[in-house]
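> I would like to see how this sequence folds:
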Amino acid sequence: MAVTVVMVVIFYAGGVVEDTKGTNYEEPLITETFIIWAYILLAIAIGLTLIFSFINMLSNPKGAKKSLIGILGAAVIIFLAYSLADDSLLNLPHYTGKDNVPATLKMVDTGLFTTYIFAGLAVASIIYVEIAKAFK
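Next up, the predicted model:
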C-alpha cells in the first residue's frame, strides 16, 4: 500500500511529459509505470482470489458445489452476452486507429452485455429481497 501511495503522489506531483505541458492533454511522467503497477496489483489479486477459493473448496466440499454452480451460471451469462454481441465495423469518420476490428468490437460488446445482465440481476435481486421481507 505504501508503494501505491508514493506512486500516486509522484503521479500527481511528479511533473508531466514535456510535449504535453500546458495543454489539455497533460500526461504525468510515470503514467506507464503506474499502469504496470495496476496490472501487477490486479495479477496479485486474481492469484490470491484463486488460491483462497481453492483452499476454501478443499476445506468445505459442500460449499464447493455451490461455487461451481455459480461459476457455471456466470459462464452461461457470458456465453449469452457473447451470442448477443455484434462485431460490425463502426462508421467512424476520420478515425485511423487499429481498434475498429471485429474481434475487438465483439469482446467489448460482450463485456457491455455481461455488465448489463449482471446489473439487471443485481437490481432484480434487491427488489426481490425487499418484497420478500415485506411478506414475512
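> and residue 36, what's its pLDDT?
Per-residue pLDDT puts residue 36 at 95.
> residue contacts, the spatially most central residue of the chain?
Nearest to the mean C-alpha position of the chain, counting by CA atoms, centre = their mean, stands residue 111 at 8.5 Å. The neighbourhood of residue 111, defined by CB atoms under 8 Å, 6 or more residues apart in numbering, consists of residue 81. Glycine gets a C-beta too; all of them are placed from N, C-alpha and C.
> got the domain ranges for the protein?
Using automatic domain parsing, the domain parsing of the chain gives 1-59, 61-136.
> distance between the ends of the shortest one?
If I follow you right, that is domain 1-59. 30 Å (CA to CA, to the nearest Å).
> the longest helix anywhere in the chain - what's its average pLDDT?
Using DSSP state H to define each element, the chain has its longest helix at helix 102-134. When pLDDT is averaged over helix 102-134, the result is 95.
> helices along the protein, start to end?
Ranges of helices within the chain are 2-13, 31-59, 61-84, 102-134, based on DSSP H.
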